[in-house]
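Chemist: Sequence and predicted structure below; questions after.
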Amino acid sequence: MSVYAFPVSREVPAIQIVANAIARLPSGEAAQLWRETATHLLSVATERGQNAIDARAEVRRFFDAVQLALRSQVFG
């Protein structure tokens, strides 16, 4: 039996924190925050035992969730 950590792309509080931070930062700082966040999430996923491909896919799903949160703030 395999046990997987709860997907970070489903952690609504984390998604909202990142989306809110990105929304209020100038574009260059927002891009830097995203790069740092993505690097951190990738590191955490691999430390939890995910292989590199699955870890990158999870970071992309998190980014997609952040994008949806940003859109709901703009068009909400």
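Modeler: Cool, got the structure. Numbering: from 1, shown residues only.
Chemist: Helix or strand with the lowest mean pLDDT in the protein?
Modeler: When each helix and strand of the chain is scored by mean pLDDT, DSSP states H and E, helix 52-75 comes last, with a mean of 92.
Chemist: and for that helix, what are the contacting residues?
Modeler: 7-10, 14-16, 18-20, 22-23, 34, 38, 41-42, 45-46, 50 (Cβ atoms under 8 Å, 6 or more residues apart in numbering). Glycine gets a C-beta too; all of them are placed from N, C-alpha and C.
Chemist: Pro7 - nearest residue in space that isn't next to it in sequence?
Modeler: Distances taken as Cβ to Cβ, 6 or more residues apart in numbering place Glu58 nearest to Pro7, at 6.1 Å, with adjacent residues excluded.
Chemist: May I have the one helix or strand Leu41 maps to as PDB, with CA atoms only?
Modeler: Element membership of Leu41, judged by DSSP states H and E, is helix 27-47. The C-alpha trace of helix 27-47 is given here as PDB (Å, rounded to 0.1, in the frame of the first residue of the first chain):
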ATOM      1  CA  SER A  27       5.000  41.900 -11.600                       C
ATOM      2  CA  GLY A  28       8.700  41.400 -11.100                       C
ATOM      3  CA  GLU A  29       8.300  40.700  -7.400                       C
ATOM      4  CA  ALA A  30       5.300  38.500  -8.100                       C
ATOM      5  CA  ALA A  31       7.300  36.400 -10.600                       C
ATOM      6  CA  GLN A  32      10.200  36.100  -8.100                       C
ATOM      7  CA  LEU A  33       7.700  35.000  -5.400                       C
ATOM      8  CA  TRP A  34       6.300  32.400  -7.700                       C
ATOM      9  CA  ARG A  35       9.700  31.100  -8.600                       C
ATOM     10  CA  GLU A  36      10.700  30.800  -5.000                       C
ATOM     11  CA  THR A  37       7.400  29.100  -4.100                       C
ATOM     12  CA  ALA A  38       7.600  26.700  -7.000                       C
ATOM     13  CA  THR A  39      11.200  25.700  -6.000                       C
ATOM     14  CA  HIS A  40      10.100  25.200  -2.400                       C
ATOM     15  CA  LEU A  41       7.100  23.100  -3.400                       C
ATOM     16  CA  LEU A  42       9.200  21.000  -5.700                       C
ATOM     17  CA  SER A  43      11.700  20.400  -2.900                       C
ATOM     18  CA  VAL A  44       8.900  19.500  -0.400                       C
ATOM     19  CA  ALA A  45       7.300  17.100  -2.900                       C
ATOM     20  CA  THR A  46      10.500  15.300  -3.600                       C
ATOM     21  CA  GLU A  47      11.300  15.100   0.100                       C
END
